[in-house]
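Enquirer: Sequence and predicted model, in that order:
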Amino acid sequence: MKITGQVQIPSTQFGLPPFALARPANLDEVCAAIEKGGRPPVFLAGGTDLFLQFRSGLRPEMVIDLNTVAELRTISLENETLHIGAGARHAAGLTHPDISARLSRLAEAWELLGNVRVRGMATLGGNLMARNNRYEGPLFAAALNAQLCFQGPGGAAHISAEEYWTAETPANMVLSRIEVPLTGNPRFVYDRSLRPIMTMALGLSDAPVGGLSARVAIGSQWNAPQFLSFGIDRLSDAQANAQDLANVCLDELPDDLEDGDYIRSAGAAILARLIQRIGEDT
Amino acid sequence: MSSPNIVSAGEEIEITVTLNGETKTLAVPAHQVLADLLREQLGLKGGNVSCASGVCGSCTILADGEPVAACAQFAYQMDGKTLTTVEGLGENGQLSAVQKAFSEHSAFQCGYCTPGMILLATALLEQNPAPTRDEIRTWMSANICRCTGYEMIIEAVELAAGESA
């Protein structure tokens, strides 16, 4: 800020007001910072969404910078579960060898997010926590049946990616990692050809009781993400009847969606295409 | 629970950056935006701020060789990094290959987005010296030209890639 007479003006029209900055070294210190800071806590990771919020009037007393917490950026494969740190940049996720090896279609889809500047800075956790209808991370996570793991001063909490949109979400906690189960030979395909009207992710995995379970996540600029699921006895049968199956599945969408008729009809065409594509990889 | 390092509102943080080849130690408050540091404090006005939200890319600089929007980063986050602004391109008064290609190919109209476009293209050619046209289009789509002079921008990057080959 510059002092001009009695008036304080920002050095440019883009200047921001001061805030206290917490720079925790580990998750334990993040929890301590959450206790000391305002409510709700304001976290900085990639900053791509936080800056938009600042420009929209966010004025936090304290910002908790997560970039100094190395454990939030780790990506690892443990006991057939992919652990993706919430602070992992998109660019790091989409090029990680474990993700490319086990979920190559996820890596391909991930590369479609944003642009090279955004993918270099923004994080998966930021994408999920922004709770933005048109963001694609929640669709990926839900289709892959991922769990979101939170940590706070009061302990830990785990909820499914779907529950993050449909249930009460953990308050005053930080998203520490996303766990993607790799048991059941998960497969994944994604379509964003109609973005922002509609994007769709399809996840498929072997069901414990036999057959396959399918999860569909549908994103749209004008609706909260929608989640559908169905069972399949055999993939070849599903592919042979892909359009019928897709029609029945999309019919389950609620009646009050914006552009619901269009999303149901175009969505059924896209889902049928995804059912065909997911079979190509198996 | 151990206590985190907390910087009070308005308190300055000392950072060291290598800016256009020169090491600088600076004191910046936590809330200072990188674009403000570069333009207002250091007088490097080559990069322009437009959307101020990290969307348009007109303020693009390179941080450790990666393109970042200077309007959507705090200055203190650059501690320890090597920064390149458009003023840092070229050597001995000569334009860089990308700058030369943009100039020769008239790859600008109003010129507001040009410094960001040039730095974005510079990062591409550092990582991929021989990009295909599709790769150039995808990479350069990160930044917006409101004059919509994209065709000549893409051709200029192709030209620069050819020059540096």
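Expert: Cool, got the structure.

Enquirer: Give me the mean pLDDT for whatever helix or strand residue B:6 lives in.
Expert: Per DSSP states H and E: residue B:6 is located in strand B:5-7. Taken as a whole, strand B:5-7 has a mean pLDDT of 96.

Enquirer: What of stretch A:173-192?
Expert: On average, stretch A:173-192 scores 96.

Enquirer: now swap in stretch A:198-208 and tell me
Expert: Over the span of stretch A:198-208, the pLDDT mean works out to 95.

Enquirer: Now do the buried residues in it.
Expert: Within stretch A:198-208, the residues that qualify as buried by neighbour count (16 or more other C-beta atoms under 10 Å in any protein chain shown) are A:198, A:199, A:200, A:201, A:202, A:203, A:204, A:205. Just so you know, the C-beta spots here come from the backbone N, C-alpha and C atoms, and that holds for glycine as well.

Enquirer: which stretches of the stretch 151-282 of chain A form helices?
Expert: Counting by DSSP state H, counting those that start in this stretch, the stretch 151-282 of chain A has helices at residues A:163-166, A:235-240, A:242-250, A:260-280.

Enquirer: Show me the shaky parts of chain B.
Expert: Scanning chain B for pLDDT under 70 picks out B:164-165.

Enquirer: Now do the domain split for it, please.
Expert: Using automatic domain parsing, the domain parsing of chain B gives B:12-88, B:97-164.

Enquirer: before we move on, back to that, out of the buried residues of stretch A:198-208, which is nearest to chain B?
Expert: Of all the buried residues of stretch A:198-208, chain B sits closest to residue A:199, with 17.8 Å by C-beta to the nearest C-beta.

Enquirer: quick one: that closest one and residue A:191 touch, right?
Expert: Yes - shown here, residue A:199 and residue A:191 form a contact pair, counting by C-beta atoms under 8 Å, at 6.8 Å.

Enquirer: got the domains of chain B as TSV, with distance to residue A:65 and mean neighbour count columns?
Expert: Converted to TSV, the domains of chain B look like this (distance: least, C-beta to C-beta, whole Å; neighbours: other C-beta atoms under 10 Å in any protein chain shown):
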stretch	distance to residue A:65	mean neighbour count
domain B:12-88	8	20
domain B:97-164	24	19
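
Enquirer: got a list of what the closest residue to chain B within the stretch 51-200 of chain A touches?
Expert: Residue nearest to chain B within the stretch 51-200 of chain A: residue A:115 (3.5 Å; C-beta to the nearest C-beta). Going by C-beta atoms under 8 Å, 6 or more residues apart in numbering or on different chains, residue A:115 touches B:141, B:142.

Enquirer: and the spatially most central residue of chain B, what is it in contact with?
Expert: The geometric centre of chain B, computed from its C-alpha atoms, lies nearest to residue B:61 (C-alpha atoms, centre = their mean), at 1.4 Å. By C-beta under 8 Å, 6+ apart, the residues touching residue B:61 are B:34, B:38, B:47, B:67, B:68, B:70, B:83, B:84, B:85, B:119.

Enquirer: Of the residues you listed, just say which sits nearest to chain A.
Expert: Relative to chain A, the closest of the contacts of residue B:61 is residue B:67; by C-beta to the nearest C-beta it sits at 5.0 Å.

Enquirer: ok, now which ones touch that closest one?
Expert: Residue B:67 sits next to A:116, A:117, A:120, B:57, B:60, B:61, B:119, B:120, B:123, B:142 when contact means C-beta under 8 Å, 6+ apart.

Enquirer: Show me the residues you listed that map onto strands.
Expert: Those of the contacts of residue B:67 mapping onto strands are B:60, B:61, per DSSP state E.

Enquirer: need the contacts of residue B:67 in a markdown table with distance to residue A:38, can you?
Expert: Converted to a markdown table, these look like this (distance: C-beta to C-beta, whole Å):
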| residue | distance to residue A:38 |
| --- | --- |
| A:116 | 34 |
| A:117 | 30 |
| A:120 | 29 |
| B:57 | 32 |
| B:60 | 32 |
| B:61 | 31 |
| B:119 | 36 |
| B:120 | 36 |
| B:123 | 37 |
| B:142 | 33 |
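
Enquirer: Quickly name whichever of the contacts of residue B:67 is closest to residue B:156.
Expert: Ranked by distance to residue B:156 (C-beta to C-beta), the contacts of residue B:67 are led by residue B:120 at 11.7 Å.

Enquirer: The closest one and residue B:84, how far apart?
Expert: For residue B:120, the distance to residue B:84 equals 12 Å [C-beta to C-beta, to the nearest Å].

Enquirer: Quick check: residue B:160 touching residue B:100?
Expert: Yes - the pair residue B:160 / residue B:100 is scored as a contact, 7.4 Å apart, by C-beta under 8 Å.

Enquirer: Mind picking the two most distant members of the contacts of residue B:61?
Expert: Farthest pair in the contacts of residue B:61 (C-beta to C-beta) is B:38 and B:67. Separation: 14.5 Å.

Enquirer: Much appreciated, bye for now.
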